[in-house]
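A.B. asks: Need a 3D model of the sequence below.
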Amino acid sequence: MGIIKLSADNILKDKKLHNIWLAGLGAYAKSTEEVNQLSEKSKTLFDELVEKGRAIESNTKERLHTEQSHASVAIEERVQMTIQKFVGLDNERLDNIDDKIDQLTQNIEMLVAKKQEQAKPEEKEEKAE
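C.D. replies: This next block holds a predicted model:
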């Protein structure tokens with residue numbers, strides 16, 4: 001009986017050891033599955049965050065461009081107001097003055113050209129004498 005008893009104990013121990021081994025393998029497999037699932041979830045989450053980030057970046061760039069445009073217009077208006085305060089003239093008056101200066105410049109150029117044309121025949125007469 002002792003021999004049979006030893007064999008049965010060994011078989012039971014071997015089965016227990018084998019079950020422990022199988023349980024360890026099962027735990028390893030389960031943890032590997034969970035890591036893979038977490039990895040897939042984190043990849044999916046990362047991709048979703050990237051897409052949301054792109055949308056926010058686009059909106060932010062658009063808002064920034066709009067704000068820069070508004071700021072630029074506001075600065076121009078302030079500069080114009082400051083110039084008006086120093087000069088005492090508004091843009092319309094300055095444009096009118098600029099047009100008048102252009103017209104006067106043209107008139108002076110025409111007078112100079114006429115004067116030069118009149119001077120040429122006189123020079124010819126003086127040379128002929």
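A.B. asks: where along this protein do the helices fall?
C.D. replies: 2-87, 91-128 (DSSP state H).
A.B. asks: now for the last one, which elements pack on it?
C.D. replies: In terms of contacts (3 or more C-beta pairs under 8 Å, 6 or more residues apart in numbering; DSSP states H and E), helix 91-128 is packed against helix 2-87. Every C-beta, even on glycine, is put in place using the N, C-alpha and C of the backbone.
A.B. asks: Can you list the low-confidence ranges for this protein?
C.D. replies: 1-13, 89, 122-129 (pLDDT under 70).
A.B. asks: can you list the domains in it?
C.D. replies: 1-88, 89-129 (automatic domain parsing).
A.B. asks: Turn the ones you listed into CSV, including mean neighbour count.
C.D. replies: Converted to CSV, those look like this (neighbours: other C-beta atoms under 10 Å):
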stretch, mean neighbour count
domain 1-88, 10
domain 89-129, 10
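A.B. asks: Closest to the centroid, which residue in this structure?
C.D. replies: Centroid-nearest residue in the chain, with C-alpha atoms, centre = their mean: Lys61, separated by 4.7 Å.
A.B. asks: Please report the distance of Gly26 from Glu40.
C.D. replies: Going from Gly26 to Glu40 by C-beta to C-beta, to the nearest Å gives 21 Å.
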